[in-house]
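Student: Could you work out the structure for the sequence below:
(one chain, ligands or ions: 3)
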Amino acid sequence: EQIVIKGGTVTNADGQLVADVLIENGKIAKVQKDLKVPPGARLLDASGQYVMPGGIDPHTHLEMPFMGQVACDDFFSGQAAALAGGTTMHIDFALPTKGDLMQGFHDYQKKAAKACMDYGFHMAVTSWSAKVAADMATLVKKGINSFKFFLAYKGALMVTDEEFLQGLQKCREIGAIAQVHAENGEAVAVGQKRIFEAGITGPEGHALSRPSFLEGEATSRAVRLARFVNTPLYVVHTMSIDAVEEVARARARGQRVIGEPVASALSLNETAMWNPDFKIAAAAVMSPPIRAASHRVKIKEALAGGLLQLVATDHAVFNSTQKAVGKGDFRVIPNGVNGIEERLHVVWEEMVNSGLITPSDFVRITSTAAAQIFNLYPRKGVIAPGSDADVILLDPKVEHHISAATHHSRIDTNVYEGKRIMGKVVVTISRGRIVWENGNLNVTPGTGRFVEMLPMGPLFEGLDILDQEAMHPLGTTPVHHTHAKDEL
Ligand SMILES: NC(=O)NCCC(=O)O
Ligand SMILES: [Zn+2]
Ligand SMILES: [Zn+2]
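Tutor: Numbers count the residues shown, from 1 in each chain. Ligands and ions are numbered 1, 2, ... in the order given. Coordinates of the predicted model:
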């Protein structure tokens with residue numbers, strides 16, 4: 001099928017122009033003014049609209065087994081929701097099965113058989129052994145170029161500093177990006193017990209038990225250990241000023257650190273967890289927690305100012321019956337919020353409509369940066385000849401409201417319930433097929449494809465030059481003393 005998109009403002013991370021776009025065989029064939037429409041081509045009028053690369057959500061958890069439940073969006077329902085919101089690729093976190101990475105990868109491949117859009121995998125590393133190290137190297141050859149380490153979830157996914165350090169070293173060796181969930185898991189466990197024993201058992205206990213400085217501490221520790229190993233670090237879900245400051249400080253000294261806030265951190269605040277309706281309060285429980293409004297302001301400024309690089313969602317949805325297991329104890333409410341469908345609209349509203357960033361910046365933080373970091377660029381993340389035809393049309397004049405009554409995810413709540421958005425993704429094209437148009441989804445399970453991501457991406461370019469500095473940080477480099485006799 002050929003598609004011609006006429007008269008829109010083609011918006012890439014590096015600039016905009018009013019031009020037409022020809023799509024052929026799943027790829028972008030031409031971007032030019034006054035393009036002749038080939039006979040039989042489908043014509044889309046995009047005047048007054050932005051033509052942008054489809055969103056890439058680099059942080060999701062579809063059908064994830066977690067805290068005794070399984071996330072209720074699978075690879076079909078979650079991806080269908082994503083496409084309805086303009087996201088055309090996501091990178092999901094495959095979890096090891098009983099500690100086995102290869103088995104985990106196979107299990108996630110099976111889950112993804114019902115996919116209806118492009119996806120990739122990160123892999124979580126939740127223990128350490130020679131087999132884990134060997135499996136990481138094998139997985140890199142199978143298209144996984146990033147591994148996540150949890151410094152929280154004691155007794156479940158958490159790794160020790162020793163295990164994390166070994167994982168960082170392995171990541172450096174195989175050219176994979178180390179990702180970190182940065183909260184001090186030991187302190188969180190103490191905090192949870194303290195708050196629960198003080199008689200606070202509701203969802204607000206979740207916020208109270210894991211303060212932002214525990215996120216700051218773990219971010220600081222992770223950043224410093226990555227510096228010690230001289231390997232790139234990607235901090236997932238930076239939810240607080242404390243975490244942002246650590247990422248910004250590391251970047252200011254030239255360290256290759258990426259900070260990824262999630263959509264919920266731009267739009268919501270912790271008061272949701274104090275809502276007297278358990279269903280609403282529990283829906284907002286995720287880790288690290290959604291924070292007070294001051295954190296939201298700082299995160300948005302940091303994104304606008306380039307201290308943080310991209311926005312994900314951490315889409316991990318548990319419906320209200322699943323969340324209800326934690327009714328008498330916030331510690332067992334399955335953690336996670338929705339966002340895979342809402343991310344683009346939330347970022348547009350919070351960042352573009354507020355005047356903080358331009359539409360090109362929007363493309364960068366919702367698509368291009370992820371493509372570059374995970375070595376998918378320019379196949380993904382740009383409207384250019386040769387790139388995959390993952391394209392959205394965003395009409396800035398269409399007003400809509402987010403609601404569980406109209407969303408496409410399987411979850412029965414929505415943390416953005418009632419939020420007004422000015423601007424809407426009116427068309428989504430996935431690999432050259434129109435999958436979302438006029439409010440209708442046209443998706444088929446089994447049509448999505450696994451996108452292999454190669455190691456040694458841009459963040460590893462020239463990294464060895466810095467090895468010396470990592471071993472002998474500034475000021476401690478051994479000085480070569482010239483002896484008097486050398487001068488003779
Ligand atoms: N974030 C969260 O609450 N759930 C998903 C698992 C994780 O990313 O930590
Ligand atoms: Zn996490
Ligand atoms: Zn996550």
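Student: Tell me where the stretch 151-300 of the chain has strands.
Tutor: Secondary structure of the stretch 151-300 of the chain by DSSP state E, counting those that start in this stretch: the strands cover 177-181, 233-235, 257-259.
Student: and the last one, how far from the chain's centre?
Tutor: Okay, so that is strand 257-259. In terms of Cα atoms, centre = their mean, to the nearest Å, the centre of strand 257-259 is set 12 Å apart from its chain centre.
Student: mean confidence for that strand?
Tutor: Across strand 257-259, the average pLDDT comes to 98.
Student: so of the strands of the stretch 151-300 of the chain, which one's packed in deepest?
Tutor: Each of the strands of the stretch 151-300 of the chain was assessed for mean neighbour count using mean count of other Cβ atoms under 10 Å. The highest is strand 233-235, with a mean of 28. (Each C-beta comes from the backbone N, C-alpha and C, glycine too.)
Student: Next, the contact list for A81, please.
Tutor: By Cβ atoms under 8 Å, 6 or more residues apart in numbering, the residues touching A81 are 73, 340-341, 407-409.
Student: rewinding a little: kindly present the strands of the stretch 151-300 of the chain as CSV, with separate columns for distance to ligand 1.
Tutor: Shown next, in CSV, are the strands of the stretch 151-300 of the chain (distance: least, Cβ to the nearest ligand atom, whole Å):
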stretch, distance to ligand 1
strand 177-181, 5
strand 233-235, 12
strand 257-259, 15
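Student: which regions of the protein sit below the pLDDT cut-off?
Tutor: 471-488 (pLDDT under 70).
Student: Get me the contact residues on it for ligand 1.
Tutor: Proximity of the chain to ligand 1, by Cβ under 6 Å from any ligand atom, involves residues 61, 181, 286-287, 314, 316, 335-336.
Student: Give the burial count for the residue lying closest to E270 once chain neighbours are set aside, as a bare number.
Tutor: Distances taken as Cβ to Cβ, 6 or more residues apart in numbering place A207 nearest to E270, at 4.7 Å, with adjacent residues excluded. Using other Cβ atoms under 10 Å, A207 is surrounded by 26 other residues.
Student: from the stretch 1-150 of the chain, which residue is nearest to ligand 1?
Tutor: Relative to ligand 1, the nearest point of the stretch 1-150 of the chain is H61 (5.2 Å; Cβ to the nearest ligand atom).
Student: What values do phi and psi take at the nearest residue to that residue once chain neighbours are set aside?
Tutor: Spatially, and ignoring its direct neighbours in sequence, H61 is nearest to A316 (3.9 Å; Cβ to Cβ, 6+ apart). Backbone dihedrals for A316, given as degrees, to the nearest 10, come out at phi -140, psi 100.
Student: Following element in sequence after the strand or helix carrying G104, please.
Tutor: Assessed by DSSP states H and E, G104 sits inside helix 101-111. Counting by DSSP H and E, the next helix or strand C-terminal to helix 101-111 is strand 118-125.
Student: Tell me the helices and strands packed up against that next one.
Tutor: With contacts taken as 3 or more Cβ pairs under 8 Å, 6 or more residues apart in numbering; DSSP states H and E, strand 118-125 sits against strand 87-94, helix 101-111, helix 130-141, strand 146-150.
Student: Roughly how far does L459 sit from A71?
Tutor: 29 Å (Cβ to Cβ, to the nearest Å).
Student: er, P211 I mean
Tutor: Plainly put, P211 is 26 Å away from A71 if you go by Cβ to Cβ.
Student: what's the neighbour count on the residue in the stretch 301-450 of the chain that ligand 1 sits nearest to?
Tutor: Closest approach between the stretch 301-450 of the chain and ligand 1, counting by Cβ to the nearest ligand atom: N335, at 3.1 Å. Neighbourhood size, N335 [other Cβ under 10 Å]: 21.
Student: quick one, phi psi at the closest residue to P65 other than its chain neighbours?
Tutor: Excluding the flanking residues, the one nearest P65 by Cβ to Cβ, 6+ apart is L95, at 7.0 Å. The phi/psi pair for L95 (degrees, to the nearest 10) reads phi -100, psi 150.
Student: Would you mind finding the longest helix in this protein?
Tutor: Determined from DSSP state H, the single longest helix within the chain is helix 212-229.
Student: burial count for A284?
Tutor: Residues near A284, counting by other Cβ under 10 Å: 25.
Student: ok, now which ones touch it?
Tutor: 203, 264, 268, 270, 272-273, 275, 290, 337, 415.
Student: hang on, the earlier thing: who wins on neighbours among the residues of the chain next to ligand 1?
Tutor: Of all these, the highest neighbour tally under other Cβ under 10 Å goes to D314, namely 29 neighbours.
Student: So what pairs up with the closest residue to that one other than its chain neighbours in the strands?
Tutor: In space, not counting the residues next to it along the chain, D314 is nearest to V262; the distance is 4.6 Å by Cβ to Cβ, 6+ apart. Legend: beta-bridge partners of V262 under DSSP bridges are A312.
Student: Please list all residues in contact with V262.
Tutor: V262 is in contact with 59, 237, 239, 311-314, 339, counting by Cβ under 8 Å, 6+ apart.
Student: Quick check: of those residues, which has the highest neighbour count?
Tutor: Busiest of the contacts of V262 [other Cβ under 10 Å] is G339, holding 31 neighbours.
Student: That one and V311 touch, don't they?
Tutor: No. Using Cβ atoms under 8 Å, G339 is not in contact with V311, being 9.4 Å away.
Student: Name the residues contacting each of the two.
Tutor: By Cβ under 8 Å, 6+ apart, the residues touching both G339 and V311 are 262-263.
Student: Parallel or antiparallel, which strands does the helix or strand V435 falls within pair with?
Tutor: Following DSSP H and E, one finds V435 within strand 433-437. Paired strands of strand 433-437, with direction, are strand 420-430 (antiparallel), strand 440-441 (antiparallel) (DSSP bridges).
Student: In a markdown table: the ones you listed, plus mean neighbour count.
Tutor: Shown next, in a markdown table, are those (neighbours: other Cβ atoms under 10 Å):
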| stretch | mean neighbour count |
| --- | --- |
| strand 420-430 | 21 |
| strand 440-441 | 12 |
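Student: Export those as TSV, with columns for distance to A115.
Tutor: As requested, the strands paired with strand 433-437 are exported to TSV (distance: least, Cβ to Cβ, whole Å):
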stretch	distance to A115
strand 420-430	11
strand 440-441	14
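Student: I'd like to know how far the nearest residue to P359 once chain neighbours are set aside sits from F362.
Tutor: Nearest residue to P359 in three dimensions, chain neighbours excluded: T11, at 4.9 Å (Cβ to Cβ, 6+ apart). Distance, T11 to F362, by Cβ to Cβ: 8 Å.
Student: ok, the contacts of A81 vs D34, which is closest?
Tutor: Taking Cβ to Cβ as the measure, D34 lies nearest E341 of the contacts of A81, at 35.3 Å.
Student: what kind of secondary structure is G339 in?
Tutor: The three-state label given to G339 by DSSP: H, G, I helix; E, B strand; the rest coil is coil.
Student: ok, it - contacts?
Tutor: Here G339 is in contact with 57, 262-264, 313-315, 346, 415 (criterion: Cβ under 8 Å, 6+ apart).
Student: which residues sit against stretch 237-246?
Tutor: Residues external to stretch 237-246 that are found in contact with it (Cβ under 8 Å, 6+ apart): 59, 181-182, 212-213, 215-217, 219-220, 223, 235, 247, 259-262, 265, 286, 288-291, 294-295, 298-299, 302, 307-308, 312, 314.
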